[in-house]
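> structure of the sequence below:
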Amino acid sequence: MSQVVFDERMVAATRSFSPSSRKPGLVMQDWLQRWPGLYVVSPRMAARKHLALAHDPEYVDGVLDCSIENGFGNLDADVARSLPWTVGAMATAAVLALKETTTYCAPVSGFHHAHWSRGGGYCTFNGLMVAALHVLQQGLADQVWILDCDFHYGDGTEDIMLRIDPALRMRIHHRTAGALFPPGSPEEFLHWVRDAMHEIKASPVPHRRKLVLYQAGADQHVNDPLGGLLTTGELQRRDNIVFRYINAYGIPCAWNLAGGYQQEPDGSIPKVLEIHRNTMNESLSA
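As a prediction, the model looks like this:
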């Protein structure tokens, strides 16, 4: 059963094709209408030293001081203000999932294209890697699996992996669907997800000392303008596979939203919200 890490300070408004900076607020509004009793906790803000676990400190300072462009390609102060909260939400979800041996969601996007010293693709700081390194250095986990089911390749995550301490690198396992799909059929993709979850289950580390960071990208949807592979039902099957393994074996999990670019002419994102609602439903019911 998922619990949620959220604070209004995670939300920012910026001019962009991607709705990711404003999406946390829209998702939470949608979820609380559907599940008014949803358990919500506040995140701890990520300090600059935490962001520097996965990034060049000069890049961190430049983005937060609005002298270096963020992942949206601008110097928007509202985006800079929100970033310690979005990354902090992912790290908080990871810590709580491990401490309580359960599943937490950080309803945030915009992580896996953020490199060591630059952003891009609507990603500024790599909250996946910050969360992974934070829990490893705190001694909360022995092994972290990043299961990235966004449509696109997690190039920023790979770049950061190459720059961290090799002893920590050996304890982080990155599986990014965007490296393989497309090409590939929906059934091949779902088989890949099952194989990844079996690999996580079978690794020799005790389940409670593992952490899965699951990026549940909505841009895998067949009608997404920047994606296109799975139907709505197949996306639900993807999420069901992940959460069924997580719950069956008691593996702590922190998950986030990732991409989704289907917008109406008025800027609303009902299809994206439906996909994220379905992911939460699978997490609650698996």
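> wait, a strand at N278?
No: judged by DSSP: H, G, I helix; E, B strand; the rest coil, N278 forms no part of a strand; its state is helix.
> so who does it touch?
Counting by CB atoms under 8 Å, 6 or more residues apart in numbering, N278 touches 232, 235-236, 239. Any C-beta I mention is one placed from the backbone N, CA and C, and that applies to glycine too.
> narrow those to those that are buried.
235-236, 239 (16 or more other CB atoms under 10 Å).
> so where is the stretch 1-150 of the chain shaky, pLDDT-wise?
Along the stretch 1-150 of the chain, segments meeting pLDDT under 70 span 1.
> quick one: which of the buried ones among the contacts of N278 is nearest to G127?
Nearest to G127, judged by CB to CB, of the buried ones among the contacts of N278 is D239 at 19.6 Å.
> quick check, the closest one in a helix?
Yes: counting by three-state DSSP, D239 is located in a helix.
> that one and S283 touch, don't they?
Yes: between D239 and S283 there is a contact at 7.1 Å, judged by CB atoms under 8 Å.
> can you list residues touching both of these two?
Joint contacts of D239 and S283 (CB under 8 Å, 6+ apart) do not exist.
> mind putting the contacts of N278 into TSV with secondary structure, pLDDT and distance to G119?
Formatted as TSV, the contacts of N278 follow (DSSP: H, G, I helix; E, B strand; the rest coil; pLDDT from 0 to 100; distance: CB to CB, whole Å):
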residue	secondary structure	pLDDT	distance to G119
T232	helix	97	30
L235	helix	98	27
Q236	helix	98	31
D239	helix	98	27
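> which one of those residues is nearest to A97?
D239 (16.5 Å).
> residues near the closest residue to D76 other than its chain neighbours, how many?
The shortest distance from D76 to any non-neighbouring residue, by CB to CB, 6 or more residues apart in numbering, is to T14 (4.6 Å). By other CB atoms under 10 Å, 18 other residues sit near T14.
> shouldn't T14 be within a strand?
No: when classified by three-state DSSP, T14 is found to be coil rather than part of a strand.
> who are the neighbours in contact with it?
21, 72, 74, 76, 78-79.
> out of these, who's nearest V144?
For the contacts of T14, the nearest to V144 is S21 (25.9 Å; CB to CB).
> for that closest one, helix, strand, or coil?
Relying on three-state DSSP, one would call S21 coil.
> quick check: the gap between it and G71.
Note on S21: its distance to G71, by CB to CB, to the nearest Å, is 10 Å.
> common neighbours of the two, please.
G110.
> any idea how far the residue most central in space within the chain lies from A202?
Taking CA atoms, centre = their mean, the centroid of the chain lies closest to N256, which sits 3.5 Å from it. The gap separating N256 from A202 is 25 Å, by CB to CB.
> can you show me the strands along this protein?
2-5, 40-41, 103-106, 143-148, 172-176, 210-215, 253-256 (DSSP state E).
> among those strands, which comes closest to N126?
N126 lies closest to strand 143-148 among the strands of the chain, at 9.9 Å (CB to CB).
> contact partners of that closest one?
Contacts of strand 143-148 (CB under 8 Å, 6+ apart): 112, 128-129, 132, 135-136, 154, 157, 171-178, 193, 196-197, 200, 203, 205, 209-215, 217, 242, 258.
> number of nearby residues for the nearest residue to P252 once chain neighbours are set aside?
Distances taken as CB to CB, 6+ apart put A97 closest to P252, at 4.0 Å, once the chain neighbours are dropped. By the criterion of other CB under 10 Å, A97 has 29 neighbours.
> R169 is in contact with L136, correct?
No: using CB under 8 Å, L136 is not in contact with R169, being 10.2 Å away.
> more neighbours, these two?
More neighbours surround L136 than the other of L136 and R169, with 21 against 15 (other CB under 10 Å).
> how near is Q143 to S2?
If you go by CB to CB, the gap between Q143 and S2 works out to 21 Å.
> more neighbours, these two?
Neighbours of Q143 and S2, each counted by other CB under 10 Å, are more numerous for S2; the result is 25 against 19.
> show me the contacts for P206.
Contacts of P206 (CB under 8 Å, 6+ apart): D142.
> for it, phi and psi?
phi -50, psi 140 (degrees, to the nearest 10).
> re the thing from before, can you put the strands of the chain in JSON lines and add distance to D165?
Output for the strands of the chain, formatted as JSON lines (distance: least, CB to CB, whole Å):
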{"stretch": "strand 2-5", "distance to D165": "27"}
{"stretch": "strand 40-41", "distance to D165": "30"}
{"stretch": "strand 103-106", "distance to D165": "25"}
{"stretch": "strand 143-148", "distance to D165": "14"}
{"stretch": "strand 172-176", "distance to D165": "11"}
{"stretch": "strand 210-215", "distance to D165": "18"}
{"stretch": "strand 253-256", "distance to D165": "22"}
